[in-house]
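Student: Sequence plus the predicted model coming up.
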Amino acid sequence: AKKAAPRASKARPDRQPPALSSPTKILYADIRATKQDVWNYYTAVMDHLLPEVQGRPVSIIRCPSGTDKPCFFQKHLTAGLELVSTQRLKEESGINADYLVIEDTAGLLELVQFNALEFHPWGAHADTPDTADRVIFDLDPGPGVPFTEVKAAATHIRRLLLQAELESFLRVSGGKGLHVVVPLNPGCDWDLTKRFAQGFAQALAESEPDRFVATATKAKRNKRIFVDYLRNGRGATAVASYSLRARPRAPVAMPIAWSALSNLERPDPYTIKDVPAMLKRRRKDPWADIDKLKQNLARWSSP
Ligand code: ATP
Ligand code: MN
Ligand code: MN
């Protein structure tokens, strides 16, 4: 595959990150992880996380009193944020809203200072919000689905995508499932991207109805894997690689190599405690080529 030109960045590396308040506040009670621990985690993974969120509208999950107390999914700018950029975008309702955009370390850490635990970017950049550059197949196992079947599903989807000449990348969500991510370069409008993802998921569900469902209806999910194509729309988000999850043990959404899938025992093996050290000894980023590939959905556009 050919290499793509890098995007212009609005990062200002000279900016000082904000001060951290309440560093001893416990955010993950089960492992007694403090706000300082979360800050240290994000500082340690910054070089890996930042490229995943930089320049994209991003939603965050904030847990001001820890994961045991109510947390909030936040999409828009709120008072007090000064280091985070914003992009005014038209919502589906037709109303304009100011979306959060992280440009640099200072912006990301300001959100941590505001008790953000999770980061969820769009599959598009803020300056080109109508152009999708990542398709995400979010594999959500229903009750009673063993993880081995989720792994088999991911491998199956990878193979089908390769038949369509699309390379894909794998991530453990840090929750219950796996994400199969297809980079698009050049990007594609949301209409075609959505049709492609939905068509792909529906074809899968029709060919193997015992394994897959492509509808969000809960009743049909028992013992099946929901191929959640709904991550693929303007304004939809998926958790960023290297983001913590606001769940017990503070698991991390981690990119993994396809070759590592067979030995994977669960979708949440990586946590706040081991990821920084793991990244130090990791020899190769399994997603190193994700923004270098040149592949797109042109052949799927209507004849
Ligand atoms: P799991 O593997 O447990 O499914 P996940 O990150 O894939 O973890 P999902 O429940 O499948 O979680 O959700 C997919 C995405 O939907 C989330 O990553 C997030 O970006 C988005 N999302 C979650 N909560 C909200 C919300 N309240 N409003 C809008 N989007 C949300
Ligand atoms: Mn999911
Ligand atoms: Mn989902």
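Tutor: That came in fine, so what should we check first? Quick caveat, the model's predicted, so the values are computed rather than measured. Numbers count the residues shown, from 1 in each chain. Ligands and ions are numbered 1, 2, ... in the order given.

Student: hang on, Ala216 is in a strand, isn't it?
Tutor: No. According to DSSP: H, G, I helix; E, B strand; the rest coil, Ala216 belongs to no strand; its state is coil.

Student: show me the contacts for it.
Tutor: The neighbourhood of Ala216, defined by C-beta atoms under 8 Å, 6 or more residues apart in numbering, consists of Phe226, Asp228, Leu230. C-beta here means a position set from N, CA and C on the backbone, and glycine is covered the same way.

Student: Against Leu81, how distant is it?
Tutor: 32 Å (C-beta to C-beta, to the nearest Å).

Student: if we take the contacts of Ala216, which one ends up nearest to Asp140?
Tutor: Phe226 (4.2 Å; C-beta to C-beta).

Student: Which pLDDT value does the model give Pro13?
Tutor: Note on Pro13: pLDDT of 71.

Student: go on, the one 4 residues further on?
Tutor: Per-residue confidence at Pro17 stands at 93 (pLDDT).

Student: Doesn't it lie inside a strand?
Tutor: No. Counting by three-state DSSP, Pro17 is not found in a strand; it is coil.

Student: List the beta-bridge partners for the residue of the stretch 201-303 of the chain found nearest ligand 3.
Tutor: At 3.6 Å from ligand 3, Asp228 is the closest residue in the stretch 201-303 of the chain, using C-beta to the ion. Counting by DSSP bridges, Asp228 is bridged to Asp138.

Student: Pretty sure it sits against Asp138.
Tutor: Yes. Here Asp228 reaches Asp138: they are 3.9 Å apart, a contact under C-beta atoms under 8 Å.

Student: So which of the two has more stuff around it?
Tutor: A count of neighbours by other C-beta atoms under 10 Å puts Asp138 above the other of Asp228 and Asp138, at 24 against 21.

Student: from memory the more buried one sits against Gly175, does it?
Tutor: No. Assessed by C-beta under 8 Å, Asp138 is found out of contact with Gly175, at 10.0 Å.

Student: Contact partners for Val252?
Tutor: Gly174, Tyr242, Ser243, Leu244, Arg245, Tyr270, Thr271, Ile272, Val275.
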